[in-house]
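Trainee: Curious how this folds, go ahead:
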Amino acid sequence: MRHLKRATILVCALALVITGIAAAQQTAPQRGGTIVIALGADPETLNPGITTGYAVGAITVNVFSGLIRLGPRGEVLPQLATAWEVAPDGRTYTFRLRPNVRWHDGRALTAQDVKFSLEEIDGKFHGRFRLAWGSVESVTTPNAATVVIRMKQPFAPFLQMLDTFNAPILARHLFQGEDVPNTPRNLQPVGTGPYVFREWARGDRIVLERNPNYWEPVYADRLIFRIIPNAAQRTTALETGEVDVVTDFYLSKTDVPRLAQNKAIRVRHGQPIPALDFMFINTRRGALGNAKVRQALAFAINREQIVQQAMRGLARPARGPFGDGFRFAYTREGDFTRLYPYSPEKAAQLLQEAGVARDSLRLSMVYDAARAPLASAAQIIRDNLRQVGITVDLVPLERSVMIDRVYTKGDYDLTVQSFTSNTDPAIGYHRIYLTASPGQPFVNATGYSNPEVDRLLAQAAATADLEARAKVYAQVIQILARDVPTLILFDEIGIDAARTKLRNLWQGLDARDAWWLTWVAP
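Mentor: Okay, the predicted model is just below:
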C-alpha cells in the first residue's frame with residue numbers, strides 16, 4: 001500500500017511537471033501568425049513626419065524608427081540610438097547610433113539621415129515636434145554614427161520627443177529634393193522598423209510583413225490593418241475573431257461592458273498617456289470671436305452628461321485648459337467644474353449680454369464619423385445648445401475630409417477632436433493654444449492667437465523644475481480659462497481591447513507601439 005501511494009505521488013508529480021512544461025510552452029514567445037488591428041478609416045498618408053494622425057501613427061510606428069522609444073511606464077529605451085548623453089544644462093544631446101542598421105531597400109542608415117529628418121521633415125511639418133524644434137540651434141554629425149543636437153534653450157521633454165511618433169527618422173536618399181508633403185513616396189514607406197510595407201488596398205486593408213533584418217526578435221509574420229468605418233462592426237469583428245485588436249481611439253464605449261464579459265477578449269482599462277477630448281471653437285466666425293459667447297457655450301454644455309452617455313462613465317469631466325492628467329498643469333482657480341458648471345440660465349444671460357438674440361445663431365459641428373464617442377458627444381452638444389436657442393447642424397465626415405475641412409480650410413464653427421500628450425503637456429497639449437498658421441494638421445485650428453499665451457507656454461516648456469513650471473502654468477491657465485478658445489470636454493481613461501490569443505501585449509507607452517514584441521499563441 002505504501003509503494004502504491006509512493007507511485008501515485010510520483011505519477012501526480014510527473015503530471016504536474018508535464019503540465020507545467022506545456023503551460024510554459026504555451027506562454028513562451030512564438031514566431032509566426034498574423035495580428036489584425038482595426039482602424040476606422042484609411043490614413044491620410046504613410047509619412048509620420050508630416051502629421052500626428054492616429055491611423056498614420058498606428059501603421060508607421062511599425063515601419064519607421066526613432067532615436068529612442070518609450071516603454072510601457074514611459075521609460076526611455078534605445079531604438080536607433082543605443083546610447084546618449086545629455087549635458088547638465090540641458091542644451092546638448094549626443095547620440096550614438098546603432099551599427100549595421102539598414103533601410104528596407106538595403107541602404108545603410110547614417111547620421112545624415114537623422115540630421116536630414118529632423119531639419120527638413122519633422123522640424124518643419126510635424127504638428128508636435130515642430131514646437132520643440134523652435135528650441136534647437138543645430139544638428140551636427142561628427143561621424144556617420146554620431147548625432148549632436150544643440151539647443152538655443154532647454155526644452156524639458158526633448159528626449160522623450162525623439163520617438164517614432166514625434167520625430168521619425170526617414171531616408172535622406174529618398175526624400176532629399178522632394179516636395180515632402182506631396183511626394184508619392186509618402187504612400188510607399190521605406191523605413192528601418194520591425195515591419196516592411198507590402199500592400200495598401202484602400203478602404204479594406206494595409207499589410208506589413210516582418211523585417212528579417214531587424215535587430216530584435218519580431219514574432220508575428222505580418223500585421224494587417226483592417227479599415228472598418230462603423231464602430232459597431234469593429235466590435236463585432238473583434239468578437240468573431242475577424243480582428244484581434246481595437247484600440248481606445250476606435251473602440252465604442254457602449255460595447256465595453258459586453259466585451260468585458262467575453263472570455264476570448266482582454267480589456268485593458270486606463271491608458272498611460274494623458275489624452276483630452278475637446279471642442280475647437282472657430283474664433284474667426286462671427287459671434288464666436290466674442291469671449292462671452294464662448295463662455296456661454298461652456299456653461300451650456302453638460303460635460304458630465306457627455307462622460308456618462310457618450311463615454312459610459314469611462315472618462316473624467318474636464319477640470320481645466322489642460323485637463324487633470326498633469327498635476328503641475330492644473331489649478332483649482334482654473335477648474336472648469338467651478339468656473340463653468342452646467343447652467344443653461346447663465347449661458348442665456350451671457351448670450352444676451354453679447355447681443356446674441358435667442359434662435360439667431362446657427363453653427364456647424366464637424367466631427368470624424370468613424371469615432372462613435374465623438375459622434376455621441378456632438379449629438380449631446382447639439383441638444384444642449386438647442387436649450388439656449390442655438391441651432392447646431394451636425395456634419396459627420398470621413399476622417400481625411402474632416403482633416404481638410406478643419407485644419408486646412410478652417411471651414412467649421414465647432415468641431416470635436418482629441419489629442420494625446422505623451423509624458424508632458426508641452427508635447428501634445430501646447431499645440432491646442434499656440435498660434436498656428438492654417439494648413440497644419442492637428443494644431444490650433446481656432447484662429448486664437450495670444451502672444452502672452454505663446455510666451456508663457458514657451459517658458460513652461462523650457463523649465464525643467466516642476467514647481468517652477470506649475471507657477472507658469474497657473475498664469476497661462478488664468479488666461480485660457482477666461483478666453484475659452486477651446487472647451488476641454490473630458491480626460492480620457494482609455495480602454496483597449498484585444499483577443500486573448502495575443503501575448504505580451506502593450507509593451508510601449510502608446511497602445512499602437514511595440515507590436516513586434518507581441519506573439520500569437522497557438
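Trainee: is it true that Q30 touches V520?
Mentor: Yes - between Q30 and V520 a contact is recorded at 6.4 Å, counting by C-beta atoms under 8 Å. For every residue, glycine as well, the C-beta is placed using N, CA and C.
Trainee: Between those two, which is the more surrounded one?
Mentor: More neighbours surround V520 than the other of Q30 and V520, with 18 against 15 (other C-beta atoms under 10 Å).
Trainee: So for that one, what's the pLDDT?
Mentor: With respect to pLDDT, V520 scores 97.
Trainee: partner residues bridging it?
Mentor: L502 (DSSP bridges).
Trainee: tell me the contacts of it?
Mentor: Residues in contact with V520, defined by C-beta atoms under 8 Å, 6 or more residues apart in numbering, are Q30, G32, G33, T34, I35, Y219, A220, K501, L502, R503.
Trainee: And the furthest pair within those?
Mentor: Using C-beta to C-beta, those reach their maximum pairwise distance at T34 and R503, which is 14.4 Å.
Trainee: More neighbours: which of these two?
Mentor: For T34 versus R503, neighbours defined as other C-beta under 10 Å are more numerous around R503 (16 against 13).
Trainee: How is the protein divided into domains?
Mentor: 29-63+193-271+494-522, 66-171, 275-492 (automatic domain parsing).
Trainee: What is the end-to-end distance of the second one?
Mentor: Looking back up the chat, that one is domain 66-171. 12 Å (C-alpha to C-alpha, to the nearest Å).
Trainee: Kindly report the same for the first one.
Mentor: As for domain 29-63+193-271+494-522, its first-to-last residue distance stands at 10 Å under the measure C-alpha to C-alpha.
Trainee: do the same with the last one
Mentor: Between the start and the finish of domain 275-492 there is a gap of 5 Å, counting by C-alpha to C-alpha.
Trainee: Do a quick rundown of the strands in the stretch 201-350 of the chain.
Mentor: 205-210, 222-227, 245-246, 265-269, 275-281, 315-317 (DSSP state E, counting those that start in this stretch).
Trainee: Please read the previous query as pertaining to the stretch 1-150 of the chain.
Mentor: Using DSSP E, counting those that start in this stretch, strands in the stretch 1-150 of the chain cover 34-39, 68-70, 76-78, 81-86, 92-97, 136-143, 146-151.
Trainee: In three-state terms, how would G439 be classified?
Mentor: coil (DSSP: H, G, I helix; E, B strand; the rest coil).
Trainee: Please report how far W506 lies from D248.
Mentor: W506 is 11 Å from D248, where distance means C-beta to C-beta, to the nearest Å.
Trainee: anything in contact with each of the two?
Mentor: Common neighbours of W506 and D248 (C-beta under 8 Å, 6+ apart) are D496.
Trainee: just to revisit the earlier point, any chance of the strands of the stretch 201-350 of the chain in TSV, plus mean pLDDT and distance to L363?
Mentor: Below are those laid out as TSV (pLDDT from 0 to 100; distance: least, C-beta to C-beta, whole Å):
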stretch	mean pLDDT	distance to L363
strand 205-210	98	36
strand 222-227	98	31
strand 245-246	98	32
strand 265-269	96	35
strand 275-281	97	9
strand 315-317	96	22
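Trainee: out of those strands, deepest packed?
Mentor: Among those, strand 245-246 has the highest mean neighbour count (mean count of other C-beta atoms under 10 Å), at a mean of 27.
Trainee: what helices or strands is that strand leaning on?
Mentor: strand 34-39, helix 231-240, strand 495-499 (3 or more C-beta pairs under 8 Å, 6 or more residues apart in numbering; DSSP states H and E).
Trainee: ok so, going back, now the domains of the chain in a markdown table, with distance to V180?
Mentor: Shown next, in a markdown table, are these (distance: least, C-beta to C-beta, whole Å):
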| stretch | distance to V180 |
| --- | --- |
| domain 29-63+193-271+494-522 | 6 |
| domain 66-171 | 6 |
| domain 275-492 | 13 |
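Trainee: between these, which gets nearest to T183?
Mentor: Closest to T183 of the domains of the chain, according to C-beta to C-beta: domain 29-63+193-271+494-522, at 8.2 Å.
Trainee: Not including adjacent chain positions, what is the nearest residue to T164?
Mentor: Leaving aside its sequence neighbours, T164 sits nearest to G66 (C-beta to C-beta, 6 or more residues apart in numbering; 4.1 Å).
Trainee: Now do the one you found: how many residues are near it, please.
Mentor: Neighbours around G66, by other C-beta under 10 Å: 24.
Trainee: Then the one 3 residues further on?
Mentor: The tally of other residues near R69 (other C-beta under 10 Å) stands at 23.
Trainee: tell me the secondary structure for Y407?
Mentor: Looking at Y407 with three-state DSSP, the answer is helix.
Trainee: per-residue confidence for the residue nearest the centre of the chain?
Mentor: Nearest to the geometric centre of the chain sits T420, at 4.5 Å (C-alpha atoms, centre = their mean). Predicted confidence (pLDDT) for T420: 93.
Trainee: Next, work out how far apart it and Q188 are.
Mentor: 27 Å.
Trainee: nearest to P181, of the domains of the chain?
Mentor: P181 sits nearest to domain 29-63+193-271+494-522 of all those, at 5.4 Å, using C-beta to C-beta.
Trainee: ok now that closest one, how far from the chain's centre?
Mentor: From the chain centre to the centre of domain 29-63+193-271+494-522 is a distance of 14 Å (C-alpha atoms, centre = their mean, to the nearest Å).
Trainee: Give me the neighbour count for Q112.
Mentor: Neighbours of Q112 under the rule other C-beta under 10 Å: 14.
Trainee: doesn't R172 make contact with it?
Mentor: Yes - contact criterion C-beta under 8 Å: Q112 and R172 qualify, at 5.6 Å.
Trainee: Can you name the residues that contact A55?
Mentor: L39, G40, A41, D42, P43, E44, F225, R399.
Trainee: from memory the third one sits against I227, does it?
Mentor: To tie it back to what came earlier, the one meant is A41. Yes - the pair A41 and I227 passes the contact test of C-beta under 8 Å, sitting 6.5 Å apart.
Trainee: didn't E178 look like it was pressed against R185?
Mentor: Yes - using C-beta under 8 Å, E178 makes contact with R185 at a distance of 6.3 Å.
Trainee: And those two? Which one has more around it.
Mentor: Between E178 and R185, counting by other C-beta under 10 Å, R185 is the more crowded of the two (17 against 14).
Trainee: Alright, calling it a day.
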